[in-house]
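A.B. asks: Fold the following.
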Amino acid sequence: MSTPVSEAAEAQVAIDVDRVSKIFPGEDAVRALDDVSVGIRRNEFFTLLGPSGCGKTTLLRIIAGFEPPTMGALRLDGTDISRLAPDQRPINTVFQNYALFPHMSVARNIGFGLEMLGKPKREVNETVDRMLKLVQMEALKSRKTSALSGGQQQRVALARALAPHPRVLLLDEPLSALDLKLRKEMQIELKRLQSETGITFIFVTHDQEEALTMSDRIAVMRDGRILQIGSPRDIYQRPAERFVANFIGESNFLDATLSAGHVTLKAGGGAFAVTAPPGVADGPVSVLVRPEHAAVRAGSPAGDELPATIRNVVYSGDATTIHLELGSGELFKAKMSNSTGGGATLPSQGEPAVVTIAPGAVTVLKD
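C.D. replies: Numbers count the residues shown, from 1 in each chain. Presented below is the predicted three-dimensional model:
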């Protein structure tokens with residue numbers, strides 16, 4: 001996928017991936033990346049998101065220099081680095097397992113890379129102190145990393161990778177080993193570090209919530225290709241195709257007919273004004289409705305409302321999810337906030353109900 005950018009935007013590009021493909025040879029050759037192009041901007045938190053095997057880690061390894069591209073070019077601030085060794089690139093990587101030295105203190109772990117680069121002792125000590133403050137680990141500087149918690153070890157790994165002040169920091173699913181509460185805390189911590197250092201972060205994950213929480217932009221990948229690039233809001237609210245819509249958040253996919261900028265749902269409910277993606281012609285289409293963009297009530301349908309039957313009601317604290325069967329036989333989920341009392345007056349399981357879809361909430365998809 002090629003993403004055109006203006007001259008002004010191009011001037012801000014840190015990493016330019018230009019039509020990169022990667023083929024792993026063998027009897028059953030694997031095309032891990034297929035003609036991928038993307039410009040990642042300076043001082044951006046950019047996330048590669050997709051399921052296992054989609055090519056996101058392969059792309060990260062090519063940027064790091066651990067894998068050469070089979071075809072295409074990779075540029076850093078306009079300079080081709082496709083054939084440079086990893087240690088010749090001003091790029092650092094934080095791996096899933098952190099790769100810390102368990103017999104060394106926190107401070108020694110952070111300063112080790114600078115020592116290997118031949119930096120003066122005073123500069124090493126000043127940088128270590130600055131990194132300890134940045135990751136809020138000053139009180140633990142003398143503790144061995146083997147005695148740290150998972151979250152503390154991750155902070156040390158980040159500090160070590162940031163110490164040489166690379167132009168780009170690569171993060172290969174670094175939160176995957178943490179428990180849920182700590183993972184959420186570290187999501188905010190990573191975004192703070194990126195903002196304070198001004199370094200371009202390229203983050204790999206299969207977790208949609210991580211991507212939505214931290215990213216300035218997200219690239220959704222599948223089968224070695226980038227399907228869509230955009231802000232978290234764009235990706236969530238305006239997915240380009242069904243896979244993206246299904247991968248990001250909960251989704252209702254409904255059959256409809258497109259005609260002159262309006263869709264008529266198979267389930268009925270009148271015509272909804274829409275903007276169809278380029279290349280989608282009038283006729284049968286699939287549309288997306290997010291569960292939180294629908295409301296459910298008792299009574300008879302009117303206007304654009306849809307008749308339905310309640311199949312299940314699931315209470316989850318802040319919201320209630322209602323599972324329904326529409327008059328067309330299609331299954332549908334609606335999510336209503338409990339703070340407004342939306343889930344308190346619902347019909348019971350098996351009873352008829354009415355579904356109302358919010359204006360502008362119907363999105364036509366490219367299948």
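A.B. asks: CA atoms for contacts and neighbours, from now on please.
C.D. replies: OK.
A.B. asks: is it fair to say residue 218 lies in a strand?
C.D. replies: Yes. Applying DSSP: H, G, I helix; E, B strand; the rest coil, one finds residue 218 inside a strand.
A.B. asks: for residue 213, what are its contacts?
C.D. replies: 187, 188 (C-alpha atoms under 8 Å, 6 or more residues apart in numbering).
A.B. asks: longest helix of this protein?
C.D. replies: helix 180-197 (DSSP state H).
A.B. asks: Tell me which helix or strand comes right after that helix.
C.D. replies: strand 200-205 (DSSP states H and E).
A.B. asks: Skipping adjacent residues, who's closest to the residue minimising distance to the centre of the chain in space?
C.D. replies: By C-alpha atoms, centre = their mean, the chain has its centre lying nearest to residue 211, at 2.8 Å. Excluding its sequence neighbours, the residue lying closest to residue 211 (C-alpha to C-alpha, 6 or more residues apart in numbering) is residue 47, at 6.2 Å.
A.B. asks: neighbours around the one you found, how many?
C.D. replies: Other residues near residue 47 come to 28 when the count uses other C-alpha atoms under 10 Å.
A.B. asks: And it, what's its pLDDT?
C.D. replies: Reading off the confidence values, residue 47 has pLDDT 97.
A.B. asks: check contacts around it.
C.D. replies: 202, 203, 204, 205, 211, 215, 217, 218, 219.
A.B. asks: Touching, the first one and residue 167? I think so.
C.D. replies: Okay, so that is residue 202. No. Assessed by C-alpha atoms under 8 Å, residue 202 is found out of contact with residue 167, at 11.1 Å.
A.B. asks: Look up which residues are beta-bridged to the residue nearest to residue 296 when sequence neighbours are not counted.
C.D. replies: For residue 296, ignoring the flanking residues on the chain, the nearest one in space by C-alpha to C-alpha, 6+ apart is residue 355 at 4.7 Å. For residue 355, the beta-bridge partners under DSSP bridges are residue 296, residue 306.
A.B. asks: Next one, pLDDT for the residue nearest to the centre of the chain please.
C.D. replies: 94.
A.B. asks: Distance check, it against residue 275.
C.D. replies: Distance of residue 211 to residue 275, computed by C-alpha to C-alpha, to the nearest Å: 26 Å.
A.B. asks: So which elements touch the helix or strand where residue 155 lies?
C.D. replies: Using DSSP H and E, residue 155 maps to helix 150-162. Applying 3 or more C-alpha pairs under 8 Å, 6 or more residues apart in numbering; DSSP states H and E, one finds that helix 150-162 contacts strand 91-94, helix 106-116, helix 121-134.
A.B. asks: any idea of the mean pLDDT in the helix or strand that that helix is followed by?
C.D. replies: Using DSSP H and E, the helix or strand that follows helix 150-162 in sequence is strand 168-172. Taken as a whole, strand 168-172 has an average pLDDT of 95.
A.B. asks: Give me the angle between strand 168-172 and helix 180-197.
C.D. replies: On the basis of axes from the mean of the first three to the mean of the last three C-alpha atoms, to 10 degrees, strand 168-172 is oriented at 170 degrees to helix 180-197.
A.B. asks: Sheet partners, orientation included, of strand 168-172?
C.D. replies: strand 91-94 (parallel), strand 200-205 (parallel).
A.B. asks: Make a markdown table out of those strands and add distance to residue 349, mean pLDDT and mean neighbour count.
C.D. replies: As requested, the strands paired with strand 168-172 are exported to a markdown table (distance: least, C-alpha to C-alpha, whole Å; pLDDT from 0 to 100; neighbours: other C-alpha atoms under 10 Å):
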| stretch | distance to residue 349 | mean pLDDT | mean neighbour count |
| --- | --- | --- | --- |
| strand 91-94 | 49 | 94 | 23 |
| strand 200-205 | 38 | 96 | 24 |
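A.B. asks: could those strands go into CSV alongside distance to residue 324?
C.D. replies: Output for the strands paired with strand 168-172, formatted as CSV (distance: least, C-alpha to C-alpha, whole Å):
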stretch, distance to residue 324
strand 91-94, 44
strand 200-205, 32
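A.B. asks: wait, which of the ones you listed is closest to residue 34?
C.D. replies: Residue 34 sits nearest to strand 200-205 of all the strands paired with strand 168-172, at 17.8 Å, using C-alpha to C-alpha.
A.B. asks: Give me the buried positions along the next helix-or-strand element following the closest one.
C.D. replies: Next along the chain after strand 200-205, taking DSSP H and E as the criterion, comes helix 208-214. In terms of neighbour count (16 or more other C-alpha atoms under 10 Å), helix 208-214 has its buried residues at 208, 210, 211, 212, 214.
A.B. asks: And the third one, how far from residue 177?
C.D. replies: In this view, residue 211 and residue 177 are 16 Å apart by C-alpha to C-alpha.
A.B. asks: Could you report the pLDDT at residue 185?
C.D. replies: Residue 185 is given a pLDDT of 87.
A.B. asks: Can you tell me the number of residues neighbouring it?
C.D. replies: Neighbours of residue 185 under the rule other C-alpha under 10 Å: 11.
A.B. asks: what do you get for the one 5 residues further on?
C.D. replies: By other C-alpha under 10 Å, 17 other residues sit near residue 190.
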